[in-house]
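Colleague: Pasted the sequence and its predicted model underneath.
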Amino acid sequence: MRNILAEYYRTPFNPRVLYPSGGFQNEAGFFRFGPDIVCYGECAKGIANEVMNSEALHVSEAFSATGAELRLPFDIGDVIENLRRERYLEKLDSGPKPLTRRTWTREFYYLVRRFLPVAVRRHLQRVYLKDWKTLQFPHWPVDSTVDSLNEAFLRLAMIAQGCDRVPFIWFWPDGAFSALILTHDVETAAGRDFCSSLMNIDLSHGFRSSFQVIPEERYEVPNSYVDEIKTRGFEFNIHDLNHDGRLFEGKAKFLCSARRINEYAKKYNARGFRSGAMYHNLDWYDAFFVGRILEIPLTTSQDYSVFHILNEYTINLWKRQISLVHQKNGLLSFITHPDYLINLRCRDVYETLLDHLRQVVERDAIWATLPGEVDRWWRARNEMRLVQDGDRWRIEGPDSQRARVAYASLDGDRIVYTIEKPLLTP
Ligand SMILES: [Zn+2]
């Protein structure tokens, strides 16, 4: 059985969890746990086929403890995995659902997209996003189900074991409260030619960012371009193969494309990869690169959606997302495109965003970094362990001098975190 708390918190606190002896005996569906967290998975107490009807299936009461053993009617690890692999989509796509949530609608849309005038395209995308906003699950504009599940589970386990403080390895290096990355996907030759100016803009606000570049068909990728990105301290990554929206169409074709992507990654000494239009299939991802893949989530809306679908030329939505992610000590990650930022109106909004980010980074002790550094940190943190040292805790492992001991404590109906040596702000 996976040790969920150790994976998330890197804590030695390891409660023994028992599941129903006969398994869960039903298919996956929706139910609720903790402070009204919507879960998707199998559950011995029953499931609902619709998110809406899951309110009646609150299973926190089914949680019980005898001595050191905890009993749960569902497997938290499976629920987290289902969310990461977006398995709940099967259920959201079945039944009498709005047109825009059906898989075939999406497939048809991507098939005909290139023949549609831009205005029609934007109208369809707006309808799709409107639908998305009224969806109960996952949460708009930020979903923090995985974090809430871990907190709720830790809290119940601490109460059950009479433990009021649990040590863990803090989420970010040097005691930073949360983290930030800025990324740019380069879609066209015009966008490629604007990258130099965009680097100037980012630097003038004190930020460096990553560029995801399409290696085939769209535009030339001259060495001087790659060199400029790298020598100025920005990060170079691969974006899809040719961005035709068909990378994950079939496994054989995917494996062939993955081989070429790997070759480009080697040729350009790229740090990472992002597929076109955020498509993915985690079950196939081990075909990329070597070893395990770290998937860095996108936690804010892309510039394209904000400007061209929501028709919003302010940073209000981004501010809301920043504060929600920051409250959960998460990673703030942004995708903006040089292709759209050529436009003065869009560029103005982007610069307002950078101004705002500069303020919150300094005020709230946020680690502003590059995706490759986030990758390095999470791999190192994954290898670290907490060791008891008298009545204190010490962290051992690679890069452990950057890590901080933190504590989770019970505070009424929630969990609060304290960092032993938090990053100091002016
Ligand atoms: Zn793209």
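Modeller: That came through, no problem.

Colleague: export stretch 351-366 as PDB, just CAs?
Modeller: Presented in PDB, the C-alpha positions along stretch 351-366 are these (Å, rounded to 0.1, in the frame of the first residue of the first chain):
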ATOM      1  CA  GLU A 351       3.500  44.000 -17.800                       C
ATOM      2  CA  THR A 352       0.800  44.800 -15.200                       C
ATOM      3  CA  LEU A 353       0.900  41.200 -14.200                       C
ATOM      4  CA  LEU A 354       4.700  41.300 -13.900                       C
ATOM      5  CA  ASP A 355       4.500  44.400 -11.700                       C
ATOM      6  CA  HIS A 356       2.000  42.600  -9.500                       C
ATOM      7  CA  LEU A 357       4.100  39.500  -9.300                       C
ATOM      8  CA  ARG A 358       7.300  41.500  -8.500                       C
ATOM      9  CA  GLN A 359       5.400  42.900  -5.500                       C
ATOM     10  CA  VAL A 360       4.000  39.700  -4.200                       C
ATOM     11  CA  VAL A 361       7.300  37.800  -4.700                       C
ATOM     12  CA  GLU A 362       9.000  40.200  -2.400                       C
ATOM     13  CA  ARG A 363       6.200  40.700   0.100                       C
ATOM     14  CA  ASP A 364       5.200  37.000   0.500                       C
ATOM     15  CA  ALA A 365       8.500  35.200   0.300                       C
ATOM     16  CA  ILE A 366       7.900  33.400  -3.000                       C
END
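
Colleague: I would like the residues contacting it, please.
Modeller: Contacting residues not belonging to stretch 351-366 are listed as 175-180, 201-202, 205-207, 314-315, 318-319, 322, 326, 332, 334, 368, 422-426 [CB atoms under 8 Å, 6 or more residues apart in numbering]. Using the backbone N, CA and C atoms, a C-beta is placed for each residue, glycine as well.

Colleague: Now list the buried members of those residues.
Modeller: The neighbour count (16 or more other CB atoms under 10 Å) marks 175-180, 201-202, 205, 207, 315, 318, 322, 326, 332, 334, 368, 423 as buried among the contacts of stretch 351-366.

Colleague: Which members of the residues you listed occur in strands, if any?
Modeller: If you go by DSSP state E, those have 178-180, 332, 334, 368 in strands.

Colleague: out of the residues you listed, who's nearest the ion?
Modeller: Set against the ion, the nearest of these by CB to the ion is residue 334 (14.0 Å).

Colleague: which strand residues sit across from the closest one in the sheet?
Modeller: Per DSSP bridges, the residues bridged to residue 334 are residue 182.

Colleague: Who are the contact partners of it?
Modeller: By CB under 8 Å, 6+ apart, the contact set of residue 334 is 180-183, 300, 318, 353.

Colleague: What of residue 141?
Modeller: 301, 317, 320-321, 324.

Colleague: Find the helix or strand that whichever residue of the stretch 151-300 of the chain sits closest to the ion is a member of.
Modeller: Taking CB to the ion as the measure, the stretch 151-300 of the chain has residue 185 as its residue closest to the ion, at 4.2 Å. Residue 185 is part of strand 178-186, with elements assigned from DSSP states H and E.

Colleague: Residue 189 contacts residue 218, doesn't it?
Modeller: Yes. Under the criterion of CB atoms under 8 Å, residue 189 makes contact with residue 218 at 7.5 Å.

Colleague: Please tell me I have it right and residue 33 contacts residue 58.
Modeller: Yes. Using CB under 8 Å, residue 33 is in contact with residue 58, at 7.4 Å.

Colleague: Looking at these two, which is more packed in?
Modeller: Neighbour comparison, residue 33 and residue 58: the larger count goes to residue 33, with 26 against 15 (by other CB atoms under 10 Å).

Colleague: Okay, and the beta partners of residue 40?
Modeller: residue 30.

Colleague: Verify the contact between it and residue 78 for me.
Modeller: No. Between residue 40 and residue 78 there is no contact under CB under 8 Å: 9.3 Å.

Colleague: Settle it for me: which of these two has more neighbours?
Modeller: Ranked by neighbour count (other CB under 10 Å), residue 40 and residue 78 place residue 40 first, with 26 against 18.

Colleague: What parts of the stretch 51-200 of the chain come near the ion?
Modeller: residue 185 (CB under 5 Å from the ion).

Colleague: ok, and what's touching the strand or helix carrying residue 192?
Modeller: For residue 192, the host element (DSSP H and E) is helix 189-204. Applying CB under 8 Å, 6+ apart, the external contacts of helix 189-204 come out as 182, 184, 186, 208-209, 211, 213, 218-221, 225, 228-229, 232, 234, 337-339, 341-342, 347, 350-351, 354.

Colleague: got the angle between it and strand 178-186?
Modeller: Calculated by axes from the mean of the first three to the mean of the last three CA atoms, to 10 degrees, helix 189-204 forms an angle of 150 degrees with strand 178-186.

Colleague: Show me what counts as buried in helix 189-204.
Modeller: 191-192, 194-195, 198-199, 201-202.

Colleague: to the chain's geometric centre, what's the distance from stretch 309-325?
Modeller: Distance of stretch 309-325 from its chain centroid, counting by CA atoms, centre = their mean, to the nearest Å, is 17 Å.

Colleague: Also stretch 12-27?
Modeller: On the basis of CA atoms, centre = their mean, stretch 12-27 sits 27 Å off its chain's mean C-alpha point.

Colleague: Okay, now the unreliable bits of the stretch 251-400 of the chain?
Modeller: For the stretch 251-400 of the chain, applying pLDDT under 70 flags the ranges 278-292.

Colleague: In TSV: the contacts of residue 141, plus neighbour count and distance to the ion.
Modeller: Compiled in TSV, the contacts of residue 141 are given as follows (neighbours: other CB atoms under 10 Å; distance: CB to the ion, whole Å):
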residue	neighbour count	distance to the ion
301	22	15
317	15	20
320	14	24
321	20	20
324	18	25
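
Colleague: So which of those is the closest to residue 86?
Modeller: Closest approach to residue 86 among the contacts of residue 141 (CB to CB): residue 301, at 17.7 Å.

Colleague: who's in contact with the closest one?
Modeller: 141, 310, 317-318, 321 are the contacts of residue 301 under CB under 8 Å, 6+ apart.

Colleague: want to try a markdown table for those residues, with distance to residue 26 as columns?
Modeller: Listed next are the contacts of residue 301 as a markdown table, based on distance: CB to CB, whole Å:
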| residue | distance to residue 26 |
| --- | --- |
| 141 | 32 |
| 310 | 39 |
| 317 | 38 |
| 318 | 40 |
| 321 | 35 |
